[in-house]
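Peer 1: Show me the folded form of this:
(2 chains)
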Amino acid sequence: MRKLFLSLLLLLAYHLVSAQETFPVNGVKNIKPGLYALVNARIVSEAGNTYENATLIVRGQTIENIGNNITPPQGAVVIDLKGKTIYPSFIDAFSSYGLPATKRGESPDAPKFVSAKKGAYAWNEAIRPETNARDLFQADRSKAEELRKLGFGVVLSVNKDGIARGNSVLVSLTDKRENEAILKENVTTNYSFGKGTSTQDYPSSLMGSIALLRQTLYDAQWYKANNGRTEFNISLSAMNEYAALPKIFEVNDVNDILRAQKIADEFGLQFFYKSAGNEYQRLNELKKINTTYIIPLNYPKAYDVEDYFDAQNVSLADMKHWELAPYNLVYLEKEKIRFAITASDLKNPSDFWKNLRQTVKNGLSESQALNALTVIPAQLLKISDQTGTLRIGMQANFIVTSGDIFKEEARIYENWCLGERYAIQELYTADLRGDYDFSIPGIATMQLKISGTTENPEYQAVLSDSSKVRINATRNGNLLSLVFDPSLENAKGKIRLSGYIDESTPLTMKGEGIVADGRTVKWSAVYRTAYTPAEDRKETKAEDVPGDIIYPFAAYGSKELPKAEMLLIRNATVWTNEKEGKLENTDVLIDRGRIVSVGKNLTAGGARGIDGTNKHLTPGIIDEHSHIAITRGVNEGTQAVTSEVRIGDVLDANDVGIYRQLAGGVTTSQLLHGSANPVGGQAALIKLRWGRTAEELKFEGAEPFIKFALGENVKQSNWGERSTIRFPQTRMGVEQVYYDAFIRAKEYEKSMSAYESLSSSKRAAATAPRKDLELDALAEILNGKRFITCHSYVQSEINMLMKVADSMGFKINTFTHILEGYKVADKMKAHGAGGSTFSDWWAYKYEVIDAIPYNGALMSREGIITAFNSDDAEMARRLNQEAAKAVKYGNISEEEALKFVTLNPAKLLHIDQRVGSIRAGKDADLVLWNDHPLSVYARPEKTFVDGIAYFDSERDAELQLAITKERERLAQKMLTEKRIGNPVQKPEKKEKMHYHCDDVMDEAKN
Amino acid sequence: MKKIYTLLFSALTCYYVNAQQVPAAKQNQTVIITGATAHTGKGDVVENAIIILENGKISRIGTYDGSSLPSDAELIDAKGKHVYPGLIAPSTRLGLEEIEAVRATLDYREAGSMNPNVRSIISYNTDSRITPTVRSNGVLLALIVPEGGILPGTSSVFMTDGWNWEDAAYKTDVAVHLNWPRMRISSASWMPSADEQRNRSEQSLREIRTFFDEAKAYNDLLRPDTRNLRFEAMKGVFKGTQKLVIRANYIKEIIAAVQFAKSYGITPVIEGAGDSYLVTDFLKEQGVPVILSQPHALPNRDEEDVALPYKRAKILQEAGILFCISIDGSWQQRNLPFMAGTAAAYGLSKEEALATISLNAAKILGMDASTGSLEQGKDATLLISSGDLLDMRSSIVETAFINGAKVDLDNKQKALYRKYSEKYGQKE
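Peer 2: Numbers count the residues shown, from 1 in each chain, chains lettered A, B, ... in the order given. So this is what the prediction gives:
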C-alpha cells in the first residue's frame, strides 16, 4: 500500500518536473534527479508540530519524507542543517506579483457615459470579471527574489483593477518559466470599491461603486436565468462561470468591510477581506462576520512632532493609529478573528519582518503568526492539500532559518520553491562574534571584539590602555580585510590587514598587512571568549502600553460610550411643541430612552436629577437637509438618474461633524445625496448617536426618502465647459428626465408583475425582466413607499415637478431649499408638499436672485409645513438661531419658529410620532439650553438622544483635556522614536470635505 | 373701471417690486432721539439717552433729563429701544459681486498676482440689490476689499448708501492687502505634493520679499525714470499713510507675516487670524491689530474645542489685543451683528462685542476720530433697533442715519414680501 502511494507520488512528481516538456531544448537536456536529504534539522512542519534533529527528503517538487530516523536515499544530495530550523514557506493570499501595475484612470476631456472597451463586455469599465490574471502574469525575477527573501514561496496574484476584477492566479516564486511558475488558475474572483483604470464617469462615489456592484450581481443572475436569450455579455458570463470560486474583496478601511458585508449578506455570498490594517477599530462588528481577513503589516511611521506648531496639524486618530496599528493582529487574535497576513501594501519589503516581529513582541502568538502565513491562506485559497504545511506528498515549499523565525536575530538562509533551492544568505558563514587575542607582531598586542548581529557584526580593537577603536571590516566568505587607525606611537596612520578565517578550534583569523610607513606585517586573532549580547542592548525601551481604542476612532471618541439612565430634569422652561405650548418650572422624566412624563414637581426614585432652573428644554433639533457623516462622495451625479445609490451604504460614523452638531443641539439629520442630477440617491435618516456604528446611527423604522433636484445644478449651469453634454441642460430637459424615468418605472413594474404571475412552467420559457435597482426605487415612489425631498429654487420648476407628480399619481413630500416657495405656496398647499428652506441665503447663483428671508414665514402662514435646514456642516450647529430669523423676518411666533427646526422637519420626515415634541412616550431626544433657545446667546448644555447625553458640556471639557493629554503622551513616544533613529514622517494636515449639495468630484478611484 | 384697476395694479406692482431705494439727501434738519438705551460702542451704555444729530454730526449725547425739545427738530421717541453706532464691516466684497455663480457680476479678482494698484473704489457698485439688505440690518460702513493672488489690490471704506462710488466713498484707499502664502502643509487629495507645496510657498515668499524691496527702493526715488504703477501703489504703505492688511491664518503664517512687515517698519493688520489665539503674547508685543474672520466657522482641527471659532474673540479680548470681527462674502454681511452676538454668547460682554463691529473696526481702519462710536463730534452714523441688535431673536433696525441723513431701510426682499403677502392676503 505504502509502495503504491509512493509510486503515485513519484508519478505526480514526474508530472510536475516535466511541466516544461513542450519546449524544445537547444543542446543536451539537463534533467536532474532533484533528490535532496536535509538532515539534522529542527523542522516545524506546521504550528504546534516540530521534529527535532529530523530529516526532510525532497524529490523533485515534492516532499518525499519527513521525520526522525530517516536514512537519506541513495543519490540524494545531503545537506547538514544542524542548528537550523525548517518552516513551511509562506503564502501570500494577496499579491500583485508578476502583474502589470494598475494606474488610476485620468478623467477624459468629455464625459464618458459608457465603456469604451471594444467587444461584448459589460457597460462599465470597472466591471471586468472576464479579466484573468493567468493571461497577464509574467514572472519577475527580481520581485520573486525579494519575496523569497521574506520567506514567501507561493503567492496569489490579483489584478488590482476595478470593482469586479476577475480571476487571480496562484504562482510559485520560482525563477522558472511562467508555465512552471503557475500552480493554479482561477483561484479566486476579486472585488473592490475602486474603479481603477476605468475612465468612465460612473461611478464617481463610493455609493455609486456599491450600487454598481449590486446591480452587476443582479444582472449576472438575470443573465443566467435567461440562459442566453438576451444579449451576449462576456463579463456577466464570466461572473457566472466563476461564481463558485472564493471571493476576495479588497478594502481600504475597516468600515468598508462592513459595507461590503452588507452586499455579501444580500446575495448570500462570502467575501474574504483584504483589509487595511485598522480592523481593531471595529472588532465587535468584525467578530460577527464568518470570514477570513487578509491583513497587511503597513504600520505608519511616527510623525516628526519636534515642531510643536506643525505637530498640531496631525490628527489624534492618526497619532493613535500609529501606536495601535502594530497591535492590530494582537487584538484580532484575542477576539479569535481568523486572519492571514499579507506582505502587500508595504512601501519597503524589509518592513515586513520588522513589523511582524514587533507585533509578536506586542503579543501576537508565534503559532498564530505562522498559521496566518501558511495554513490559513492555504485554506482560504483551497490549496491546503498542496502547500502550507510540511507533510509527505506536499509541495517542497519551505525555508531554512537560523532558528525561531519570529525572534529579532533570526535569519532566512534558504528558500525552497517547488524543490528548487534558492540561497538567500550563505548557510555556513561562521558566527564570528566574540573576543579575540589580536596581535600584530612588532606593532601591538590588543583585543579584537566582534559584536552586533551575525548579519551586521561590529568590529572593535581594544588597545592596551582599554581605549576602543572602530575597525572597518569587510568579509567575503572566509576572506577578511580590516582597516583601522589605533593611533599608535610606532605606527601612525591607518593599518590595513587582509587574511582569512580558519574555522578550526579555536577559531582563528590571520594574514598579512601594511602600516602607514610602508612596513609589511603579519597578524592573527585567536578566539578567546564568547559574545554576550546583553551588553550591546543597553537601550531597551520601557514596556510598551498602547492607549485605549476609542469609539468612534476620532477626536472626541471615548473608550466607554455614555449610557441611558433614568433622569429627572427639574424646573426648566419646557418647549413642548404640543398644545400645552411652553411650560415654565416644569419637570421631565426620562427612562430607557423615552420621555416618561412631563409635569410639575415630578418624583421618581432612582432617577438622577438635573437642575433645569433658568434653563430651557426643547426637543432635539432635526436637520432635514444635511451632508455630514458621508464617506467618499455626496453626489453620484454622473447620470441624470441615480436612484440606485444609497447614502445609507456610505455612512461615516467617525465624522467629528456628528459630535459638533450634537454640541449645537442636533439629534436627527437626514443625510441627502447631492443635487447634481434630477434623480439623486436614496437618503439616510440618522440619529446622532456619536460612537455607535454606521448601522446603529440609522433611525430605525424610518420611512425611506430619496433626493431629487432641479435647476442650475442638475443643468450643470455652473460647472464649466466640460459639463455641457449630459442631458438635461435646460429646465425643459429636466421635466423630460422625470417623465421618462417614471414611465420606464411603470412599464418595468408591469413587466415584472406580468412575469411573476406566469405559471412556473411558462416562466421557465419566458424571458425574465431584468431587476433594475434604479427603477425599483422609482417604483417605490409610485407606490407610496418612498418619499421625495427635492432640491428646488425657482417657482417654474417647483410647479413643473408637482405637475409631473400629479400626472403620474404620486406626491412630492418635501421641497428642500425651495427659496421661491413663497411664490407658489398656494400650489404647494394644493399638492400637499412641505417646504424645508434656508432662513436667509441668497445671491449665490442666478436662480436664487429672488430668494427672500420671509420665505419661511409666507409658506408657513399659507399652511405649508415649513422647516429650516442647513445643507452645511457649520450652520447646522446653530439651527436654533436660523429658526429665530423666522421671528425677525416675517414675525412668526417664537414657539412656531422653534418648530421650524424640530417638529416640522419631524413631520416632513414622517417621524413626528417619535420625535419633534416633548410628550410622554416620545423618544428622549432633548436639548437643555442655558438661555432662550432662539437667542444668539443660547448654548446647549446637554444634548440627549434616546435619553443618552451624547453631548454634555461638562464631559466635553473632560474630553478636551483627555485629548490634549493623549496627544502629548503619544508625542513623547514619537519623539523617542525619532531620537533612537527610527524613520518618521512630516506632519501634514489631513483635510476632509465638508459636503454641500453641489460638491462633485471623483471619489471612486480607489 | 378695468383700466383704472390695471393702472392701480401696475402702480402697486411698481411699489411692491421695484422698490428702488433712493439714497438719502444731506441732513438739513436736526434730529433728536430720546429715551433710548444708547450703546456707545466704547463699552458703556447710556440709559434714557438723548442724542442730537446736527449737520451730519452727533452734537450731543447724554442722559435725557426730560426737558422740552426744540419744535423745529425731528423728534424721535425711542423709549424702550436701543441706539447703536452704525456697524462697520471690516472686510467684504459687497458691491464687487452681485451673484456668486455669474461671472459677469464678479468684480473682485484681477488677473495676475501682484495688483496693489487696482482699487476697489473703481468697481464698487452702489446700485447692488444686495447692499440695501445689508444696510437694513445696520451695517452702515464697509471696507470693500479686492481678493485673489498675492497682492489683490487696495481697499476703500464705503457708506452703504449713495448715488455713485464717489458719493458713497467714506475713506478712500485705506489699505493695501496681502495674502500670505500658505505655510501649512496639507495632505488633502486636491492639493499638490508636500514638497510642491513647500516650494510654492517659498517661491511666493521670495516674490513678496523682492516686490517689497523693489517697491520700497522705487518709492525712495524722487523722480523715477520709468513709472511703475504697482510700486507707486505701495507708497502709502511705506509712508505709514495706508494700512497693510495681511491675510494669514496658521500660526507660522501669522508670525512670519508680522515679522516680514515689521522688517519694513510697517505694523500690519492681520486678517483671518484663525490661530491668532495661539500667539496672543506675540501680537500684543508687536502691537498688531487683528480682523478676526467668520466666527461662524468650524474649528480648523478635529481636536480643537468644538466652540473654538466662537471663543477666539474672548481670548483676544483677554489678551488685550485690538481686534474687530468680520464675516465672509457679500450678502452675508447682514449677519455681521450676529457674529458679535456669538462672541458675546461665548465670553465677551455685549458692549465689548458691539465694539468688535463698530469702534474697534474704526480704530483698525484709522477712522475712529470721526466714526465708530456714539460720541459728541463724531459722524451721526447710527441706528435705532427695537431690540438687542446682536441677537437675531430681537434685532429689528427701525431707523438708521448715515452722517445724519436718514437712510432708506427698504429693500428688494421686503418688497417681494409685501407683494406676496398681498397675493395671499396675509397680514405681515
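Peer 1: Tell me where the stretch 101-250 of chain B has strands.
Peer 2: Applying DSSP state E, counting those that start in this stretch to the stretch 101-250 of chain B gives strands spanning B:139-144, B:153-159, B:169-179, B:243-248.
Peer 1: Alpha carbons of the longest one, as PDB, please.
Peer 2: Taking only C-alpha atoms (Å, rounded to 0.1, in the frame of the first residue of the first chain), the coordinates of strand B:169-179 have been written out as PDB:
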ATOM      1  CA  ALA B 169     -16.900 106.600  -0.600                       C
ATOM      2  CA  TYR B 170     -16.100 107.400   3.100                       C
ATOM      3  CA  LYS B 171     -12.400 106.900   3.200                       C
ATOM      4  CA  THR B 172     -10.500 106.000   0.100                       C
ATOM      5  CA  ASP B 173      -7.600 103.700  -0.500                       C
ATOM      6  CA  VAL B 174      -7.400 102.800   3.200                       C
ATOM      7  CA  ALA B 175      -5.400  99.600   2.900                       C
ATOM      8  CA  VAL B 176      -3.200  97.500   0.600                       C
ATOM      9  CA  HIS B 177      -4.000  93.800   1.000                       C
ATOM     10  CA  LEU B 178      -1.500  90.900   1.100                       C
ATOM     11  CA  ASN B 179      -2.400  87.300   1.100                       C
END
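Peer 1: which residue sits closest to residue 81 in space, ignoring its chain neighbours?
Peer 2: All of this is about chain A. residue A:41 (3.7 Å; CB to CB, 6 or more residues apart in numbering or on different chains). C-beta: built from backbone N, CA, C; applies to glycine.
Peer 1: was after chain B, sorry
Peer 2: residue B:36 (4.9 Å).
Peer 1: what helix or strand does the one you found sit in?
Peer 2: Here residue B:36 sits within strand B:31-39, counting by DSSP states H and E.
Peer 1: Chain A versus residue B:111, what's the distance?
Peer 2: Distance, residue B:111 to chain A, using CB to the nearest CB, to the nearest Å: 18 Å.
Peer 1: swap that for residue B:420, sorry
Peer 2: For residue B:420 relative to chain A (CB to the nearest CB), the value is 5 Å.
Peer 1: Bridge partners for the nearest residue to residue A:584 once chain neighbours are set aside, pull those for me.
Peer 2: Leaving aside its chain neighbours, residue A:584 sits nearest to residue A:573 (5.4 Å; criterion: CB to CB, 6+ apart). Beta-bridge pairing of residue A:573 under DSSP bridges involves residue A:616.
Peer 1: For residue A:573, which residues are in contact?
Peer 2: A:582, A:583, A:584, A:585, A:586, A:612, A:615, A:616, A:617 (CB atoms under 8 Å, 6 or more residues apart in numbering or on different chains).
Peer 1: Now a ChimeraX select for only the buried ones of these.
Peer 2: In ChimeraX, this line selects whichever of those come out buried by 16 or more other CB atoms under 10 Å in any protein chain shown:
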select /A:583,586,612,615,616,617
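Peer 1: which of the contacts of residue A:573 lies closest to chain B?
Peer 2: residue A:616 (12.5 Å; CB to the nearest CB).
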